[in-house]
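sharing a model that was predicted from the sequence below.
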Amino acid sequence: MSSAEKVCLSLLSYCKTLGNLNQIHAFVYKSVLDTNPLITGKLLILGALQISDAIDYARRLLIHYPNSYVFMYNTLIRGESESDSPKNSVSTFIYMLRQSYSPPNSFSFAFVLKAVANLQCLTTGFQLHCQSMTRGLDTHLFVGTTIISMYAECGFVEFAWKVFVQIPQPNVVAWNAILTAYLRGSDVSGADKMFCLMPFRNLTTWNVMLAGYTKAGELERAEGLFLQMPSRDDISWSTMIVGFSHNGCFDEVIRVFRELVGSESKPNEVILTGALSTCAQAGALKFGMVLHVYIEKVGLVWITSVNNELLDTYSKCGNVLMARLVFERMLGKKTIISWTCMIAGFAMQGYGEEVIKYFHKMEESGTRPDGVTFISVLYACSHVGLVEQGHELISKITEIYDIEPTIQHYGCMVDLYSRAGQLHKAYDFVVQIPVPPNAVIWRTLLGACSFFGDIEMAEKFKERLSELDPDNSGKWKDVAMVRRSMTDKNLKKIQGWSTIEIDKVMYNFVACDKRNEITEETYNKLSEIMLKLKVKGGYIPVVGSVFHDIEEEENEDTVSKHSKKLVVTFGMTRLCKGSTIRFVKNLRVCKDCHSCMKLISEVYGLEIVVKDISRFHSFKEGLCSCRDYW
């Protein structure tokens, strides 16, 4: 090996950027080493697999290299299959068939089939399967396993099975592939059979099955499998935590996390973000603070994604001051997610001036806002009446940041004008937007007319809404029809729940929940509270918005047992006198519950803080921090 070759190989071993790669390539060309297969192969590996923005360079290098051999093609096909444009992998494979003197081997097919799986293109998959058959590679273990995965991604489990049974001696990887195929096809029973038939299993096998159960909502079976596992890794723990979290089992998330901390394993980035996400969804402020202390203790505070989730947790749990502290102490450059989380946190609690302030700070930092950021800022403007600032922002979206506004952005502006009582301006804005206004926008205008008593405008908006959504009559027979349709399609209406954290334990309530040891006392106390609200507060139930096909006299009983009233009552029985009652609601607070919360805060002298799907509501002395209307 010449000294020039040694220098080149040494330089390539330290190459980290596309700029460095170009400089080394220039040295290679000057040293007349550009036809050296070893040097060129190293350049290609760096460009296709190791440097993120160098895939185009690798493609040009291959095209201009004389008599490219199969390893070089395979390297580029693999890199392109893992890139943002996997379609290029298929193009390179076709170019290889036409130009190369070396036929494709098992690696060529495996890499290009992975690209087709990412594209979920069944037609191309069929063609590649046929190509592999003509070359006798379809039963090759490596190729056959990839074909199974390709058919699974395209949703054809039966084809995946036919390929699997033709593999002479499938190894554990092939078995895992067919197991995954059944789970991708939502065939849990089929996956169970495969799992029982497997002659050998590894940790990946158990994790695949675990993920399949949690995705299907089979949490009891997932936990049973988890307890049977001979060993567990980070994926096992994170699958259980994220699975419980996605299915709303917040108390189980906390329990599993505590088990993890007490085991030999240690929480990683995915596990911590999953646990924090649960705290954010459930409003588990105290447990979120425990996680914060743990993160600081083990020295993981430098991870940006963990900080972002911690910031989001404090924001959604109503502690915006702690959220700001986390934000200000973040190490390194703050990402768009960091800024948007902070802005959204202020927005949810009605801190409009802070939202504008941090938005300008974001611009000054050089971070470019995206569409989601603008929605949070416009939302805050609408809830605190910052009409002029909102008008400036909607102009900035297109004029400065070249972002195409969506119906959500326009909806925020309509809400902004409506809340400010500028109904004519809101209507003028609606008729000139470039996208057709949806039913939500017309309902927003109609709600504002009701709030401000503008009957003339209300008739106009009602007519437009009826044209756009003629079936929205609210009649019980229509509701029954919708429900029958949902049953036929195996769909379920989202169940309303409310959850509260007391002594680091999560308690979940649903409307008209069955009585048990915990809720018995709550129901008895609730009856007492509702009677006192009627006598001392003049409470009259609002039954018009109740979406239940039952008799009118039953509607009043139904609204009195909404999950929000149950969770507040439970908080009153369990928390110390004078404590603020904080809870989370997964849907928007209905008009009746909103009215009831105001009366409870007034009659009982309590402070109640609710986070619903839209924002925070802080009830104190008979008033609410929001300015919502229905």
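Received, thanks.

for this structure, what spans make up the strands?
When assigned using DSSP state E, the strands of the chain occupy the ranges 497-502, 505-510, 581-585, 607-611, 616-620, 623-624.

how about those strands in a markdown table, adding mean neighbour count and mean pLDDT?
The C-beta positions use only the backbone N, C-alpha and C, and glycine is treated the same way. Shown next, in a markdown table, are the strands of the chain (neighbours: other C-beta atoms under 10 Å; pLDDT from 0 to 100):
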| stretch | mean neighbour count | mean pLDDT |
| --- | --- | --- |
| strand 497-502 | 22 | 86 |
| strand 505-510 | 20 | 82 |
| strand 581-585 | 25 | 89 |
| strand 607-611 | 21 | 89 |
| strand 616-620 | 21 | 87 |
| strand 623-624 | 15 | 86 |
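
which one of these lies closest to D56?
strand 607-611 (46.6 Å; C-beta to C-beta).

partner strands of the closest one, with direction?
strand 581-585 (parallel), strand 616-620 (antiparallel) (DSSP bridges).

make TSV from the strands of the chain and add distance to G185 to it.
Converted to TSV, those look like this (distance: least, C-beta to C-beta, whole Å):
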stretch	distance to G185
strand 497-502	30
strand 505-510	31
strand 581-585	35
strand 607-611	37
strand 616-620	42
strand 623-624	48
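
wait, which of these is closest to F346?
Comparing the strands of the chain by C-beta to C-beta, strand 616-620 comes nearest, at 10.7 Å.

quick one, longest helix in this protein?
helix 517-536 (DSSP state H).

tilt between that one and strand 505-510?
60 degrees (axes from the mean of the first three to the mean of the last three C-alpha atoms, to 10 degrees).

re earlier: of all the strands of the chain, which one is nearest L393?
Closest to L393 of the strands of the chain, according to C-beta to C-beta: strand 616-620, at 21.8 Å.

and that closest one, C-alpha only, in PDB?
Extracted as PDB, the C-alpha positions of strand 616-620 are listed here (Å, rounded to 0.1, in the frame of the first residue of the first chain):
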ATOM      1  CA  PHE A 616     -57.200  25.800  31.800                       C
ATOM      2  CA  HIS A 617     -60.200  27.100  33.800                       C
ATOM      3  CA  SER A 618     -59.500  28.600  37.200                       C
ATOM      4  CA  PHE A 619     -62.700  28.900  39.300                       C
ATOM      5  CA  LYS A 620     -62.600  31.200  42.300                       C
END
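
so which of the strands paired with strand 607-611 gets nearest A347?
A347 lies closest to strand 616-620 among these, at 9.9 Å (C-beta to C-beta).

now that closest one, how far from the chain's geometric center?
27 Å (C-alpha atoms, centre = their mean, to the nearest Å).

give me the residues contacting that strand.
318, 348-350, 589, 594, 597-598, 600-601, 606-611, 624-626, 628 (C-beta atoms under 8 Å, 6 or more residues apart in numbering).

again, only this time at 6 Å
Strand 616-620 has contacts (C-beta atoms under 6 Å, 6 or more residues apart in numbering) with 318, 348-349, 597-598, 601, 607-610, 624-626.

cool, stretch 246-261 as well?
The set of residues external to stretch 246-261 that reach it, using C-beta under 6 Å, 6+ apart, is 217, 219, 237, 240-241, 244-245, 267, 275, 278, 282, 287, 506.

buried set for that stretch?
246-257, 260 (16 or more other C-beta atoms under 10 Å).

okay, now the unreliable bits of the stretch 401-550 of the chain?
For the stretch 401-550 of the chain, applying pLDDT under 70 flags the ranges 467-495, 511-515, 543-550.

what ranges does it have for its helices?
407-419, 423-432, 439-452, 455-468, 476-488, 517-536 (DSSP state H, counting those that start in this stretch).

with the stretch 51-200 of the chain instead?
55-64, 70-81, 87-99, 106-119, 122-134, 141-153, 157-166, 172-184, 188-197.

the inter-axis angle of the second one versus helix 87-99?
It refers to helix 70-81. Note on geometry: by the same axes, to 10 degrees, helix 70-81 and helix 87-99 are set 160 degrees apart in direction.

hmm, who's touching helix 70-81?
So helix 70-81 is contacted by 44-45, 48-49, 55, 58, 62, 88-89, 92-93, 96, 102, 105, 107-108, 111-112, 114-115 (C-beta under 6 Å, 6+ apart).

out of those, which are buried?
44-45, 48-49, 55, 58, 62, 88-89, 92-93, 96, 105, 107-108, 111-112, 114-115.

distance of the nearest residue to M194 once chain neighbours are set aside from T239?
Computed as C-beta to C-beta, 6 or more residues apart in numbering, the closest residue to M194 that is not its neighbour in sequence is L179, at 4.9 Å. Using C-beta to C-beta, to the nearest Å, one gets 15 Å for the distance from L179 to T239.
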